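In: no sequence on this one, just coordinates:
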């Protein structure tokens, strides 16, 4: 006997679909929401000027608006992220939850690119006339935690090992040591170093440069509770325990000048920034193209740093040793690195501080370092 399968008339199905779309749009339009998502660290889509519903397709602006503004969106995103975790799939935003931490995706290692970058770094350092140059490339949080992962994920991160092996063969490389570990070196919700990770890097650099590192309690320490970093914000997961940002800065007089626009400060830590969506900006008031830190009582001369945001927590510690630090971030600096060398003038040391991903894949660094 032939079974009868119920099917909605085509016209009714279309009407229901349009009704759902219209209802979602109305809810999105009138449901009170902030324009900025603190969790996702971005501005939500604005109301489209002229929806184009007569074309029998959803206009891209309308689709983005409804997707961003639909009520309980955060709950639905969280459910989707949890379902992907339960079923063993990674999230669509390329973050991995492992042991309570949210990790960046594995770094793809191209040995030819690495060799070219190291040659460029050495050549640029040579132009400064500095006595020596160093590089701090921290082992990624994912690589440190690889033994806590499933066998499939572990293999993906283990491929990074050849990067760290190659770096270890370079005299300029600063190994961070056993105290830079998976338990304390990184935040759980962010890809940056904690104070423990920063201090491990600081100690390692001092040893490499034959300087006596200061004890951590020799610095002024501050704490800021309730920090949720960018890795968590991109994950889509609804639950995470907040981190605590701990900062260290020299106890003596120190000044910060943002060379991009000439702003001057007598501090390196900015507590008001802890209350914003980007809590990591407590260090140095966030990211800048070129800045100068001055400490007249420091024993060493001038340090020129080429960096990404990983350096922001380390520079205050290093400023206890250098009377002048010039730091350049390619992502925000308008010129090329050779321009920065001329502006910096005479320098005694050069230091590169990059995450593994920035070192190998940041196109801005690749473009500016050779010019």
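Out: Thanks, I have the structure now. These figures come from a predicted structure and were not determined experimentally.
In: every contact and neighbour count from this point should use C-alpha atoms.
Out: Noted.
In: residue 225 contacts residue 245, doesn't it?
Out: Yes. In this structure residue 225 lies within contact range of residue 245 using Cα atoms under 8 Å: 6.5 Å.
In: out of those two, which sits in the more crowded spot?
Out: Higher neighbour count among residue 225 and residue 245: residue 245, with 20 against 13, using other Cα atoms under 10 Å.
In: hang on, the more buried one in a strand?
Out: Yes. Under DSSP: H, G, I helix; E, B strand; the rest coil, residue 245 sits within a strand.
In: per-residue pLDDT, it?
Out: Residue 245 carries a pLDDT value of 96.
In: can you check residue 81 too?
Out: On pLDDT, residue 81 comes in at 58.
In: again, but for the one 10 residues further on
Out: At residue 91 the predicted local confidence, pLDDT, stands at 46.
In: and residue 187, by the same measure?
Out: Predicted confidence (pLDDT) for residue 187: 96.
In: just checking, it touches residue 193?
Out: Yes. Using Cα under 8 Å, residue 187 makes contact with residue 193 at a distance of 6.4 Å.
In: so where do the helices sit in the chain?
Out: For the chain, the helices defined by DSSP state H cover 10-30, 60-69, 73-86, 111-128, 141-144, 151-158, 161-168, 195-208, 230-235, 315-318, 337-344, 356-361, 363-369.
In: how many neighbours does residue 233 have?
Out: The burial count for residue 233: 21, using other Cα under 10 Å.
In: ditto for residue 367
Out: Neighbours around residue 367, by other Cα under 10 Å: 12.
In: gap between it and residue 200?
Out: 31 Å (Cα to Cα, to the nearest Å).
In: now swap in residue 226 and tell me
Out: If you measure residue 226 against residue 200 using Cα to Cα, the figure is 24 Å.
In: check residue 101 too.
Out: Residue 101 is 20 Å from residue 200, by Cα to Cα.
In: mind listing what the residue nearest to residue 188 when sequence neighbours are not counted touches?
Out: In this structure, residue 188 finds its nearest non-sequential neighbour in residue 101, 4.1 Å apart by Cα to Cα, 6 or more residues apart in numbering. For residue 101, the contact set (Cα atoms under 8 Å, 6 or more residues apart in numbering) comprises 187, 188, 189.
In: likewise residue 222?
Out: Counted by Cα under 8 Å, 6+ apart, residue 222 has contacts 246, 247, 248.
In: what bridges to it?
Out: On the basis of DSSP bridges, residue 222 is bridged to residue 247.
In: residue 306 too?
Out: Bridge pairing for residue 306 - DSSP bridges - gives residue 328, residue 352.
In: what is the neighbour count of residue 102?
Out: 26.
In: does it touch residue 188 like I think?
Out: Yes. At 5.9 Å, residue 102 and residue 188 qualify as touching, with contact defined as Cα under 8 Å.
In: count of neighbours near residue 119?
Out: Residue 119 has 13 neighbours, counted by other Cα under 10 Å.
In: I meant to write residue 328 there.
Out: Neighbours around residue 328, by other Cα under 10 Å: 27.
In: before we move on, what about residue 142?
Out: Neighbour number of residue 142 under other Cα under 10 Å is 28.
In: hmm, residue 104 and it touching each other?
Out: Yes. Using Cα under 8 Å, residue 142 is in contact with residue 104, at 6.8 Å.
In: so what sits opposite the residue nearest to residue 188 in the bridge?
Out: Under the criterion used (DSSP bridges), residue 101 bridges to residue 98.
In: so what's residue 324 bridging to?
Out: Assigned bridge partners for residue 324, using DSSP bridges, are residue 294, residue 302.
In: I'd say it and residue 294 touch.
Out: Yes. Residue 324 sits in contact with residue 294 when judged by Cα under 8 Å, with a separation of 4.6 Å.
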